[in-house]
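Chemist: Structure of the sequence below:
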Amino acid sequence: MLRPTELARLATALGGLPILGCLAGSPAEEAGMRYGDILLAVNGIPTGSWDDFLRARAHSDGQLLARVFRQGVEFDVSLALRASTASPLEVLGELQMRGIMPSSDGASSDS
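Modeler: The predicted structure is shown next:
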């Protein structure tokens, strides 16, 4: 399994975004996306940056067709978006608890 920094380098080289994990019960998790995937495009729009991803998502009609790279293979994943009931702080807390984002004390799962 690639370390987060290695995954980020690979994603950058492929022009995509690294998937460091999915929130429990999220459309991405339900669609089978997982740590180590690289998001290449959303609805045909390349996702070389988070700004690109947010723009592509904003133009969706509640459905996303994600182009994903996993272990040398590209494939499409269909996701149905839904409104989140979690606050941004709850999302941040889950990301930190799962080691997807560093905690406020600077600790990270990439050590």
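
Chemist: Show the contacting residues for the nearest residue to Phe69 once chain neighbours are set aside.
Modeler: Excluding its sequence neighbours, the residue lying closest to Phe69 (CB to CB, 6 or more residues apart in numbering) is Ile38, at 4.2 Å. Backbone N, C-alpha and C define where each C-beta goes, glycine included. Taking CB atoms under 8 Å, 6 or more residues apart in numbering, we find Ile38 in contact with 7, 10-11, 14, 16-19, 68-70.

Chemist: who are the neighbours in contact with the closest residue to Met1 other than its chain neighbours?
Modeler: Leaving aside its chain neighbours, Met1 sits nearest to Gly36 (6.5 Å; criterion: CB to CB, 6+ apart). The contact partners of Gly36, taken as CB under 8 Å, 6+ apart, are 1-2, 7, 19, 70-71.

Chemist: again, 7 Å this time
Modeler: Applying CB atoms under 7 Å, 6 or more residues apart in numbering, we find Gly36 in contact with 1-2, 7, 19, 70.

Chemist: what ranges do the strands span in the protein?
Modeler: In the chain, the segments counted as strands under DSSP state E are 17-18, 38-42, 45-46, 63-70, 73-80.

Chemist: now Phe69, which residues is it bridged with?
Modeler: Phe69 has these beta-bridge partners by DSSP bridges: Ile38, Glu74.

Chemist: Please give me every residue in contact with the residue nearest the centre of the chain.
Modeler: The chain has Ile19 as the residue nearest its centroid, 3.9 Å off, counting by CA atoms, centre = their mean. Going by CB under 7 Å, 6+ apart, Ile19 touches 33-39.
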